[in-house]
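Enquirer: let me see the structure of the following:
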Amino acid sequence: MTKESFIYTTYVVSTPGKVFEAITKPDLARRYWGHENVSDWKPGSRWEHIRANDERTVELVGKVVEVSPPTRLVITWANASQASDPASYSRVTFELEEYEAMVRLTVTHDELEAGSGMANGIKRGWPIVLSSLKSFLETGQAIDVFARPRASERAA
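Expert: The predicted structure follows:
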């Protein structure tokens, strides 16, 4: 089975502490991601990615691998429906670096099965989630992470 990685870097006018909190605090993540990341954020602990709606569906699960606030967080990542299959897990690393008056946030999602639904989904998902995080921290307004491309209008 071939593995692939996805790396995305963005710059946020904020502090590493605020960006780290936005990733790990459920009440903040729900405002820009539409999900809550729930854990005690200790190595070996479980984390859950819970849809912030009335159903409160657990969509993703994993374990905390490494945590060094406010500069690094590493977690495993799998669809909740595949949680019992060790081969379904990938890994996400959040690296935060002060960059003058900004934070350089690099998300590396690796150990992905090449061509899988997860690999294809995160290539669309991470850019919009991280754009929303950036907008939220810089302006107080998140973007709609559930937005879909508009169908092109056809001439009559």
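Enquirer: make it CA atoms for all contacts and neighbour counts henceforth
Expert: Fine.
Enquirer: burial measure for the residue nearest to residue 46 when sequence neighbours are not counted, as a count.
Expert: Spatial nearest neighbour of residue 46, excluding adjacent residues (Cα to Cα, 6 or more residues apart in numbering): residue 63 at 4.4 Å. Here the number of neighbours of residue 63 (other Cα atoms under 10 Å) works out to 21.
Enquirer: shouldn't residue 63 be within a strand?
Expert: Yes - checked against DSSP: H, G, I helix; E, B strand; the rest coil, residue 63 lies within a strand.
Enquirer: for this protein, just list every one of the strands.
Expert: Assigned by DSSP state E, the strands in the chain fall at 3-12, 35-38, 46-51, 58-68, 72-79, 90-99, 102-113.
Enquirer: among those strands, which is nearest residue 140?
Expert: Of all the strands of the chain, strand 3-12 sits nearest to residue 140, with 12.6 Å by Cα to Cα.
Enquirer: just the buried positions in the closest one, please.
Expert: Neighbour-count burial for strand 3-12, counted by 16 or more other Cα atoms under 10 Å, picks out 5-6, 11-12.
Enquirer: list the contacts of residue 51.
Expert: Applying Cα atoms under 8 Å, 6 or more residues apart in numbering to residue 51 gives the contacts 34-36, 57-59.
Enquirer: closest one of the buried residues of strand 3-12 to residue 99?
Expert: Once Cα to Cα is applied, the member of these that ends up nearest residue 99 is residue 11, at 8.3 Å.
Enquirer: now do that closest one, the pLDDT please.
Expert: pLDDT for residue 11: 98.
Enquirer: same question, residue 24
Expert: Predicted confidence (pLDDT) for residue 24: 98.
Enquirer: give me the number of residues near it?
Expert: By other Cα under 10 Å, 19 other residues sit near residue 24.
Enquirer: how much space separates it from residue 63?
Expert: 13 Å (Cα to Cα, to the nearest Å).
Enquirer: can you check residue 43 too?
Expert: Per Cα to Cα, residue 43 is found 8 Å from residue 63.
Enquirer: so what touches the lengthiest helix in the chain?
Expert: If you go by DSSP state H, the chain has its longest helix at helix 117-139. Identification of contacts with helix 117-139 by Cα under 8 Å, 6+ apart yields 4, 6, 8, 10-14, 18-19, 22, 31-33, 112-113, 141-145.
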